[in-house]
Every structure is written in C-alpha cells, then in structure tokens.
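**Q** Sequence first, then the predicted structure, then my questions.
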Amino acid sequence: MKIKILRQDITDYLSVHKLDKKWVKAVLLFEMNIRHRSLNVELLEPHWRGIYSFRIDKKYRALFFIDGDMAEVFQITNHY
C-alpha cells in the first residue's frame, strides 16, 4: 500500500519537529508491509470511522484512512 503525497502543513510539521528521517523510514516500512511490528498500526475507536494510526517513533503517530489502494495521512499527532 502506498501513502499519498502529504499536504504542505504536514510536511512542515515533520520538519519543525525534526521527524524527516524517521518519517522516511516509517513510510518505507509501511509501503513494504503495513503490518510491520514497529509501525504498530491500529484501527482507532470508533471503528466505523475507518481512522488508523501508525507509529513514527515512540512519541509521534500518523493518522490516516485508506482510500482504495492508497493511505492518506491527514494528521501527525503527539501520542502523549
């Protein structure tokens, strides 16, 4: 599964929080195997909304939904 190109505000957020390298690594893992252990992909509650998250590092998560064969990241959040 591929990840759609990020919106500019998300790209800026990654840069400001110095997550660029971690993001690239997470995307490579995601696109090779969405179920990779280190990503910790999970379907968030309530399930009917279809919002998932995956781990960028211990502190940050990417929220996304699946549109066909593409994943669209709509937010990067601080997990704590």
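**A** Nice, thanks for sending it over. Residues are numbered from 1 along each chain as shown.
**Q** Skipping its backbone neighbours, what lies nearest the residue most central in space within the chain in space?
**A** For the chain, Ala62 is the residue whose C-alpha lies nearest the centre (C-alpha atoms, centre = their mean; 3.1 Å). Sequence neighbours aside, Val73 is the residue nearest to Ala62 in space, at 4.9 Å (criterion: C-beta to C-beta, 6 or more residues apart in numbering). No exception for glycine: its C-beta is placed from N, CA and C like everyone else's.
**Q** Identify the residues contacting the residue nearest to the centre of the chain.
**A** When contacts are counted by C-beta atoms under 8 Å, 6 or more residues apart in numbering, Ala62 touches 26, 53-54, 56, 73, 75-77.
**Q** For the chain, give me the ranges with low pLDDT.
**A** Counting by pLDDT under 70, the chain contains no low-confidence segment.
**Q** Can you show me the strands along it?
**A** Taking DSSP state E as the test, the strands found in the chain are 2-3, 42-43, 52-55, 60-67, 70-78.
**Q** For Tyr13, find the nearest of those strands.
**A** strand 70-78 (5.2 Å; C-beta to C-beta).
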